[in-house]
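> this is a predicted model, with the sequence first.
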Amino acid sequence: MTTSHDDLLAELRTIDTPTITNAVATYPGHPLCLGLYEPWTEGWYTDSSIRCAFPELGPLVGYAVTCAYGLPDPGTPDRFTFLDVVDALDAAPKPTVLVIEQRWPPELLARAGLAGEIMTTQMQQVGCVGLVTNGPSRDVDAIRRLGFQLLLNGVSAGHGPMAVHEVNGPVSVGGMDVIPGELVHMDENGAVKFPADRIEDVLSNAKRMLEHEAVLLSLLRTATTAAEVRGAAEGGTYSRPA
């Protein structure tokens with residue numbers, strides 16, 4: 001029986017993000033790794049500059065909608081507003097994850113508390129479940145009550161004038177390069193993206209990796225000598241899968 005789209009997404013939400021990265025690209029020599037990216041040189045997951053605000057929410061996954069923010073151009077009328085971002089979220093497959101690249105001058109990047117309670121509520125009402133951004137946010141106490149996830153570089157109480165520079169263009173956030181429509185999986189470890197048309201492959205391989213890891217961990221937890229650890233590892237998940 002074919003698994004429904006909603007069921008695939010629900011199963012992905014039961015798996016931690018590092019396991020998803022393992023299936024996507026982390027171990028290129030492993031038979032269950034899809035090798036979708038070159039693991040060191042391509043931007044397919046977030047780096048340590050991005051932090052999870054609410055680890056207790058667990059893993060989530062959604063279709064990427066993107067935008068870029070920066071300073072207004074005094075000589076050019078604003079082309080977009082945040083309501084255009086809301087329209088893009090509304091038009092995308094559900095659920096969505098908004099990926100915002102904050103393109104401030106370096107001296108302002110740590111000061112722009114961008115997405116607060118109002119913006120987040122607008123996003124959530126049209127099916128968005130999380131935000132990934134390379135700058136700070138604010139109103140985190142209120143956003144926590146909404147059950148909406150934030151992956152960001154910190155918090156800041158305020159901001160100055162700002163403008164939406166781009167909607168649904170390519171963005172780069174914390175080392176992860178994202179285009180609209182890709183799937184973004186995220187938890188307290190960070191975020192990873194992969195093509196939406198590989199959802200079944202990623203899910204299947206991640207589940208099989210977890211099965212192999214469970215066997216390996218069971219062997220390791222009964223080992224009491226280095227020789228037993230070596231024996232378990234040599235027959236374990238990442239060298240010779242069962």
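Nice, I can see it. Numbers count the residues shown, from 1 in each chain.
> care to break this structure down by domain?
If you go by automatic domain parsing, the domain ranges for the chain are 46-194, 202-234.
> T3: which of the ones you listed is closest?
domain 202-234 (8.4 Å; C-beta to C-beta). Backbone N, C-alpha and C define where each C-beta goes, glycine included.
> for this structure, which spans come out with low pLDDT?
1-2, 236-242 (pLDDT under 70).
> can you tell me which strand in this structure is longest?
strand 60-70 (DSSP state E).
> and that strand, what's buried?
60-70 (16 or more other C-beta atoms under 10 Å).
> just put these in TSV and tack on distance to V24.
What follows is the buried residues of strand 60-70, written out as TSV (distance: C-beta to C-beta, whole Å):
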residue	distance to V24
L60	16
V61	12
G62	16
Y63	16
A64	15
V65	20
T66	19
C67	24
A68	25
Y69	28
G70	30
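> packing partners of the following helix or strand past the longest strand of the chain?
Downstream of strand 60-70, the first helix or strand assigned by DSSP states H and E is helix 82-91. Judged by 3 or more C-beta pairs under 8 Å, 6 or more residues apart in numbering; DSSP states H and E, helix 82-91 is in contact with strand 60-70, strand 96-102, helix 117-125, strand 163-167.
> what about the lengthiest helix in the chain, distance to the chain center?
Secondary structure of the chain per DSSP state H: the longest helix is helix 199-222. Remark: helix 199-222 is offset 21 Å from the chain centroid, using C-alpha atoms, centre = their mean, to the nearest Å.
> how about stretch 115-129?
The answer for stretch 115-129 is 17 Å, by C-alpha atoms, centre = their mean.
> now tell me what touches it from outside.
60, 62, 65, 82-83, 85-86, 89-90, 92, 94-98, 100, 131, 133, 137-139, 142-143, 146, 148-150 (C-beta atoms under 8 Å, 6 or more residues apart in numbering).
> now the buried members of those.
Buried, going by 16+ other C-beta under 10 Å: 60, 62, 65, 82, 85-86, 89, 92, 95-98, 100, 131, 133, 137-139, 143, 148-150, out of the contacts of stretch 115-129.
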